[in-house]
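[1] Okay, predicted coordinates and the sequence, questions at the end:
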Amino acid sequence: MTSVGTLTRADLAEALHRQIGLSRTESAKVVEQILTEMCEALARGENVKISGFGTFVLRDKGERIGRNPKTGVEVPIAPRRVLTFRASQMMRERIVTGT
């Protein structure tokens, strides 16, 4: 199902096609609609929680001083918003057991 160990949009659409029986076109539209809604929610500053899977969390990081490891010169790192993913406990257990 996956190519080179990566799950793609096409793989998700194909799984919908096989398991639910939607046409390939409908399956691709459903995948796109879900991903679009997730992206729009994150752009609005909302976190996205998928029960049993995990939560995409937005965090604001303040300005800080970093150091170039090659030259040792200190440089300011601008404040920014970052996206993190926290796997649910159920997902962590599935990853550990391999099921």
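    Ah, there it is.
[2] Can you list the buried residues in stretch 33-42?
    By neighbour count on 16 or more other C-beta atoms under 10 Å, the buried set for stretch 33-42 is L42. For every residue, glycine as well, the C-beta is placed using N, CA and C.
[3] ok, residues contacting it?
    By C-beta atoms under 8 Å, 6 or more residues apart in numbering, the list of residues contacting stretch 33-42 from outside reads R9, V48, F56, L58, L83.
[4] could I have that stretch exported to CSV, CA atoms only?
    Taking C-alpha atoms only, stretch 33-42 is exported to CSV below (Å, rounded to 0.1, in the frame of the first residue of the first chain):
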residue,chain,number,x,y,z
GLN,A,33,-11.6,17.7,2.1
ILE,A,34,-10.3,16.3,5.3
LEU,A,35,-6.8,17.7,4.8
THR,A,36,-8.1,21.1,3.8
GLU,A,37,-10.3,21.3,6.9
MET,A,38,-7.4,20.4,9.1
CYS,A,39,-5.1,23.0,7.4
GLU,A,40,-7.8,25.7,7.7
ALA,A,41,-8.4,25.0,11.4
LEU,A,42,-4.6,25.2,12.1
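[5] Strands of this structure, residue ranges please.
    48-50, 54-61, 64-67, 74-77, 80-87 (DSSP state E).
[6] Return the second one as PDB; C-alpha atoms alone will do.
    Read it as strand 54-61. In PDB, the C-alpha atoms belonging to strand 54-61 read as follows (Å, rounded to 0.1, in the frame of the first residue of the first chain):
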ATOM      1  CA  GLY A  54      -3.200  12.300  18.200                       C
ATOM      2  CA  THR A  55      -3.300  16.000  18.400                       C
ATOM      3  CA  PHE A  56      -1.700  18.700  16.200                       C
ATOM      4  CA  VAL A  57      -0.900  21.500  18.500                       C
ATOM      5  CA  LEU A  58       0.200  25.100  17.700                       C
ATOM      6  CA  ARG A  59       2.800  26.700  20.000                       C
ATOM      7  CA  ASP A  60       4.100  30.200  20.000                       C
ATOM      8  CA  LYS A  61       7.900  30.300  20.600                       C
END
